[in-house]
Each structure stands twice: as structure tokens, then as C-alpha cells.
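1. Here's my sequence, what's the structure:
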Amino acid sequence: MTQATYFISDLHLSPSDTATVHAYQQFMRQIVASRAEYLYILGDLFEYWLGDDQLDEPFYAEQVAEIAAVAQTGVKVFFMAGNRDLLVGRRFATSGQLTVLPDPSLIHLQGQAILLGHGDRYCTDDIAYQRYRRLTHNPIVQWIWLHLPKKIRDKQIANLRLKSQQSNKNKTRMIMDVNLAAIETELQHSPARLLIHGHTHRPAQHQHQHGIRWVIPDWKKGHGGYLLSQDGQISLHHYPV
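-> Numbers count the residues shown, from 1 in each chain. The predicted structure follows:
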């Protein structure tokens with residue numbers, strides 16, 4: 001058996017979904033800590049992330065401590081921010097004993113080049129969202145946001161989540177999925193012929209002209225999944241089985 005690498009994303013951990021929190025903790029302790037050499041978390045670990053001062057809250061500190069506990073067993077942990085936890089910073093990385101990756105990132109596993117992304121950058125048909133994405137990725141906007149009082153950030157994030165839920169009700173599933181031309185362009189200009197991402201909540205393997213794309217499962221109400229790379233093969237798994 002060769003090195004085992006696990007990929008997860010879109011857990012959307014929050015105090016209101018205790019079943020998923022429990023499943024996440026069991027997965028980290030029973031699967032990752034005992035079997036993994038590498039763990040890649042490709043965004044949206046949390047339902048939202050106001051800034052690293054969110055670690056002052058016991059719930060969030062506890063979930064990040066789960067990552068640190070896995071890292072202490074020798075697992076190398078990498079994190080790529082998603083649209084929900086875009087503002088993770090140095091304190092988060094230090095507390096979780098992990099390495100933060102840019103989106104996208106190119107990695108190599110057993111001699112194979114793999115392109116990793118959260119996935120939202122490929123949803124180019126959703127023009128309104130892409131406009132919002134450009135705004136939230138602006139360093140000046142992020143600086144201003146992180147210097148607002150936490151109470152104001154809390155209130156604003158609640159309003160943004162409500163607007164997002166209402167907006168998504170009026171969008172088709174096709175608009176919120178990746179644009180196939182964007183995927184082809186990404187693969188065509190990358191040395192990798194394998195792309196792994198989350199965000200769309202549509203786990204599957206897709207064959208494209210310039211390579212293969214794997215979508216990571218999301219987690220909800222105690223059920224989720226992951227991708228496993230081992231012995232040169234990638235497979236999709238549900239958790240719990």
C-alpha cells in the first residue's frame with residue numbers, strides 16, 4: 001500500500017448542524033489520523049468565517065483543534081479557502097498546524113500532476129456571483145472588513161447569507177454549476193490532466209477533452225464523503241458508509 005491522500009470540502013460546519021460536526025470529528029479521528037499521509041481541505045470547512053478572531057469562540061476553536069490533532073500524528077494537512085471561509089489567516093493556519101494553499105494550486109502525487117481548486121471560480125455562468133467573488137477577493141475590501149468590529153461583521157454576514165439563499169432560489173442548477181468551457185480552458189493551460197474541486201455539491205467523475213475532473217462530496221446532516229488517492233487511483237467514498 002502506498003501513501004493515502006484524502007480530499008474533503010464543503011462541510012459547512014456550524015453549531016446548528018451537530019450531526020455533521022460529530023461525523024467530521026469521527027472522520028478525522030478514525031479515518032484520517034490512522035490512515036492518511038496527506039489531507040487536503042478544499043474550502044467551505046465552515047458555514048462562514050468572519051476572520052481569525054472567530055477562534056475566540058469555543059465551537060470554532062474545537063473544530064480547528066481536530067485538524068491540529070491530526071497533524072500531530074504526522075499527517076500533512078493543507079487548506080484552500082472556499083467562498084464561505086475566504087478570510088482564514090495566519091492564526092487559523094497556526095492553530096490548525098496546516099499549510100494554506102492558493103486557489104488554484106498544482107500538486108504532485110506519486111508523479112502525477114493534479115490541479116486543485118475550490119470550484120467557484122469555474123461557475124462563470126453565474127455573472128452576479130462572479131462579480132461578488134471579485135469584490136470579496138479584493139485585498140482592500142478584505143482589510144476593511146477585518147477591521148470592522150466583530151458585532152458588525154456578524155450582522156453583515158447574516159444579511160449576506162439571507163440574500164444568498166434568496167438569490168439562489170431564482171437560479172437554475174445549470175447556472176450554479178461549473179462552465180464546461182472554463183474547465184476545458186483550465187485543463188488545456190495546465191500541466192495537469194486531473195482537476196479536483198468542490199463547491200458544486202455534485203460529486204462525480206467527469207471526462208473532458210483535456211483531462212478528468214473529480215468533484216468532492218459535500219456534507220450535510222451527518223452525511224458526507226471524500227476522495228481518496230491511493231496506489232495511483234482516485235475513488236469517491238461516502239461517510240459514514
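
2. The helix or strand that contains residue 6 pairs with which strands, and in what direction?
-> Using DSSP states H and E, the element containing residue 6 is strand 5-8. Applying DSSP bridges to the sheet, strand 5-8 is found paired with strand 38-41 (parallel), strand 224-230 (antiparallel).

3. Low-confidence bits of this structure, can you list those?
-> Residue ranges of the chain with pLDDT under 70: 1-2, 167-171, 173-174.

4. all helices of it, in order?
-> Secondary structure of the chain by DSSP state H: the helices cover 18-26, 33-35, 58-71, 90-96, 127-136, 139-146, 150-169, 180-188.

5. what sits against the residue most central in space within the chain?
-> Central residue of the chain (C-alpha atoms, centre = their mean): residue 43, 1.7 Å from the mean position. For residue 43, the contact set (C-beta atoms under 8 Å, 6 or more residues apart in numbering) comprises 9-10, 80-85, 103, 118-119, 198-199. (Each C-beta comes from the backbone N, C-alpha and C, glycine too.)

6. Tell me how far it lies from residue 85.
-> 7 Å (C-beta to C-beta, to the nearest Å).

7. for residue 29, same thing?
-> Residue 29 is 22 Å from residue 85, by C-beta to C-beta.

8. Which one's more surrounded, those two?
-> The neighbour count for residue 29 versus residue 85, taken as other C-beta atoms under 10 Å, is higher for residue 85 (23 against 14).

9. show me what contacts that one?
-> For residue 85, the contact set (C-beta under 8 Å, 6+ apart) comprises 43-46, 48-49.

10. and what of residue 115?
-> Contacts were defined as C-beta under 8 Å, 6+ apart; by that measure residue 115 touches 104-106, 186-187, 190, 192, 194-196.

11. and stretch 224-240, C-alpha only, in CSV?
-> In CSV, the C-alpha atoms belonging to stretch 224-240 read as follows (Å, rounded to 0.1, in the frame of the first residue of the first chain):
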residue,chain,number,x,y,z
GLY,A,224,-20.7,13.4,3.6
GLY,A,225,-17.9,11.9,1.7
TYR,A,226,-14.3,12.3,0.4
LEU,A,227,-12.0,11.4,-2.4
LEU,A,228,-9.1,9.0,-1.8
SER,A,229,-6.0,8.9,-3.8
GLN,A,230,-4.0,5.7,-3.3
ASP,A,231,-1.9,3.3,-5.4
GLY,A,232,-2.3,5.7,-8.4
GLN,A,233,-6.1,5.5,-8.3
ILE,A,234,-8.7,8.0,-7.2
SER,A,235,-12.0,6.9,-5.7
LEU,A,236,-15.1,8.5,-4.3
HIS,A,237,-16.3,7.4,-0.8
HIS,A,238,-19.3,8.2,1.3
TYR,A,239,-19.1,8.8,5.0
PRO,A,240,-20.3,7.2,7.2
